[in-house]
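In: Here is a sequence with its predicted model. Questions after.
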Protein chains: 2
Amino acid sequence: MENLPAHFDSLFTVDCIIFGFDEGELKILLIERNEEPFKGWFALPGYFVEKTEAIESAAQRILYESTGLKGIYMEQFYTFGALGRHPQGRVITVAYYAMIRLTGQKDVKPVSDFARQAVWVNVKDIPELAFDHSRIFRKGFEKIRNKISYQPIAFELLQEKFTLTQLQNLYEVILNKKLDKRNFRKKMLSYDILKELDEKQKGVSYRAAKLYKFDKRKFAKNFHKELSFSK
Amino acid sequence: MENLPAHFDSLFTVDCIIFGFDEGELKILLIERNEEPFKGWFALPGYFVEKTEAIESAAQRILYESTGLKGIYMEQFYTFGALGRHPQGRVITVAYYAMIRLTGQKDVKPVSDFARQAVWVNVKDIPELAFDHSRIFRKGFEKIRNKISYQPIAFELLQEKFTLTQLQNLYEVILNKKLDKRNFRKKMLSYDILKELDEKQKGVSYRAAKLYKFDKRKFAKNFHKELSFSK
DNA sequence: AATATAAGGTGTATTTTTTACACTAAGGAA
DNA sequence: TTCCTTAGTGTAAAAAATACACCTTATATT
């Protein structure tokens, strides 16, 4: 890097909003910081990006360190670089979100030294976070709320097999409003991206619902984002 | 920055896609590089972000140095940080786009030492660019193409007063397809964000069209992005 | 003055999409 | 057997999107 202007040196990090859906609640993973600054505060999982590491790889690494999961799709949504955002100097952060399946085992393995603990927190109960992470969270949450309205990204939060009611509940939690059951089903099925299974829900004390799967292949074939002006 | 890990030092830049609309063509501003690497290549206007400069400020500065314009709205759309993107080392770039009015004076003032010249190039004729700028351009162009379909951002490219035909032409160039005149007008006017002026086009050798203005106030009142599931 | 040229400006019928809305069916628990 | 809880379903009305063609107006040309 000999020819580059050394006086522009700066640091940058990746921060992740990791969404999970559990018992009808949309949650994100927060860590309690174990080092200064903001020791004892809650924060988004994130860390410095290594010199020889692509940003995406760093995001994947942080996801792995926080949840033990690999190969999850993550989407970069914004880069925050206000001057005062880090009390010790200029640190820019690239923010990603991920949506993961909390497959029963929602126990989060202890992350690293810098975190005392990691906890799932309902998006409705997020406390004030370290640095500008509250702002990052709000922006990311807004992003998925928009995105879910025109792209079926919600499936990643559900178990592989799910009922339409579960899917609808998830939409309702993300959009923060009640949806009409018949209209929701009609519309969702009209996308033709679900595969109806020969299987039913088990262990419920009422009529069991049909199970569905998200069908990636159908999705790829049928889902072309419609633009407003078609002619 | 004493406590921060110095071995993570990295550099970052801002790159800008500056869109302009001129004589029915959508163009972006490119510079011809006057220094290595990629000396002689065309590239997006961009430069290193100073240590004491917010990212947005850097984007504004680069826009100013490229066009002489200040206070133009710019939108950050992605951050590129692949390992090999800069031949001399790890350089991350935050990409912005801006849409500007080419008010007759489309002469671009010589930028800085690092650029030999700056030119407006039709988006259909963009050559292979330095670094990963071709990729950045494609992503940014795709972004505005999507965005224009649900947010009226196109006005920024037109003169303050414009005809509906001019507006339609702009949409057609960005979306790369023909639109129906009657449907376009119906829809655009139904948004109720335009102010019809008591004025007509001048200097044309055919029937002069009514002029319109974009009405920011109406826009703020009437434009709430509609989501797919309203109930 | 008449004519040619070029774009401006307008309405309606059809189709598609969205919305509102309520009852019966199924399964397990008591 | 009854009760409780959720599953599952259809239709009519409204709104939005689409397809489509002709007359009007201003200027330039003869």
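Out: Done, it's in.

In: Now do the strands in chain A.
Out: Applying DSSP state E to chain A gives strands spanning A:11-22, A:25-33, A:42-43, A:46-48, A:74-80, A:91-100, A:115-122, A:161-162, A:194-200, A:210-214.

In: Out of those strands, name the one with the poorest average pLDDT.
Out: If you rank the strands of chain A by mean pLDDT, strand A:115-122 sits at the bottom with a mean of 88.

In: returning to what we had before: among the strands of chain A, single out whichever gets nearest to A:Gln168.
Out: strand A:161-162 (10.2 Å; CB to CB). C-beta coordinates here come from the backbone N, C-alpha and C atoms, glycine included.

In: coming back round to it: any chance of a markdown table for the strands of chain A, columns distance to B:Leu129 and mean neighbour count?
Out: Converted to a markdown table, these look like this (distance: least, CB to CB, whole Å; neighbours: other CB atoms under 10 Å in any protein chain shown):
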| stretch | distance to B:Leu129 | mean neighbour count |
| --- | --- | --- |
| strand A:11-22 | 24 | 23 |
| strand A:25-33 | 38 | 21 |
| strand A:42-43 | 38 | 20 |
| strand A:46-48 | 30 | 21 |
| strand A:74-80 | 21 | 20 |
| strand A:91-100 | 22 | 24 |
| strand A:115-122 | 41 | 16 |
| strand A:161-162 | 45 | 20 |
| strand A:194-200 | 42 | 13 |
| strand A:210-214 | 38 | 18 |
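
In: Using JSON lines, lay out the ones you listed together with distance to DNA strand D.
Out: Below are the strands of chain A laid out as JSON lines (distance: least, CB to the nearest atom of the strand, whole Å):
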{"stretch": "strand A:11-22", "distance to DNA strand D": "16"}
{"stretch": "strand A:25-33", "distance to DNA strand D": "16"}
{"stretch": "strand A:42-43", "distance to DNA strand D": "32"}
{"stretch": "strand A:46-48", "distance to DNA strand D": "37"}
{"stretch": "strand A:74-80", "distance to DNA strand D": "26"}
{"stretch": "strand A:91-100", "distance to DNA strand D": "22"}
{"stretch": "strand A:115-122", "distance to DNA strand D": "20"}
{"stretch": "strand A:161-162", "distance to DNA strand D": "10"}
{"stretch": "strand A:194-200", "distance to DNA strand D": "7"}
{"stretch": "strand A:210-214", "distance to DNA strand D": "3"}
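
In: looking at those, which is closest to DNA strand C?
Out: strand A:194-200 (7.2 Å; CB to the nearest atom of the strand).

In: and the closest one, what other elements does it pack with?
Out: The helices and strands touching strand A:194-200, judged by 3 or more CB pairs under 8 Å, 6 or more residues apart in numbering or on different chains; DSSP states H and E, are strand A:210-214.

In: how distant is the strand it packs on from the center of its chain?
Out: Remark: strand A:210-214 is offset 22 Å from the chain centroid, using CA atoms, centre = their mean, to the nearest Å.

In: Neighbouring strands of that strand in the sheet, and parallel or not?
Out: strand A:161-162 (antiparallel), strand A:194-200 (antiparallel) (DSSP bridges).

In: Just put these in JSON lines and tack on distance to B:Asp132.
Out: Formatted as JSON lines, the strands paired with strand A:210-214 follow (distance: least, CB to CB, whole Å):
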{"stretch": "strand A:161-162", "distance to B:Asp132": "39"}
{"stretch": "strand A:194-200", "distance to B:Asp132": "37"}
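
In: so can I have CSV of these showing distance to DNA strand C?
Out: Converted to CSV, the strands paired with strand A:210-214 look like this (distance: least, CB to the nearest atom of the strand, whole Å):
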stretch, distance to DNA strand C
strand A:161-162, 17
strand A:194-200, 7
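
In: A:Ile174: which of those is closest?
Out: strand A:161-162 (14.7 Å).
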